[in-house]
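K.L.:
My questions concern the predicted model and sequence given below.
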Amino acid sequence: MSAKAELYDVIRKPIITEKATMASESGAVVFEVAVDANKPQIKEAVETLFGVKVKAVNTTITKGKNKRFRGQPGKRRDVKKAYVTLEEGNTIDVSTGL
């Protein structure tokens, strides 16, 4: 597996919600990341893939809810989000394809 593929394993996809859009106005971008990824790995992956300088990385883990799937009890997966704050002058346009 190439190094770039490993970076895409750390960063799964950008999150585009109302809250993420509010964060982007202050220079932050929100990504869904692997649950076992740590902040230095996330910072390195964003800097390498997008060619920007990262100021800070804040993470949050949302626990999966218990739901019913086709009448059977099940559990949604846990999701880890990374709020990546970029240095002044750096931007990532997540509305276009990667």
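P.N.:
Everything's here; your move.
K.L.:
Which stretches in this structure count as strands?
P.N.:
11-14, 28-33, 54-62, 66-69, 72-75, 79-86 (DSSP state E).
K.L.:
Which residues does the fourth one contact?
P.N.:
Counting contacts by C-beta atoms under 8 Å, 6 or more residues apart in numbering, the residues outside strand 66-69 that touch it are Pro73, Gly74, Lys75, Arg76. Yep, even glycine has a C-beta here, placed from its N, CA and C like the rest.
K.L.:
Wait, Gly27 touches Thr85, no?
P.N.:
Yes: under the criterion of C-beta atoms under 8 Å, Gly27 makes contact with Thr85 at 6.0 Å.
K.L.:
overlap in contacts of those two?
P.N.:
In contact with both Gly27 and Thr85: Lys55, using C-beta under 8 Å, 6+ apart.
K.L.:
What residues are bridge-paired with the most centrally placed residue in the chain?
P.N.:
For the chain, the residue nearest the mean C-alpha position is Phe31 (1.7 Å; C-alpha atoms, centre = their mean). Beta-bridge partners recorded for Phe31 (DSSP bridges): Pro14, Ala82.
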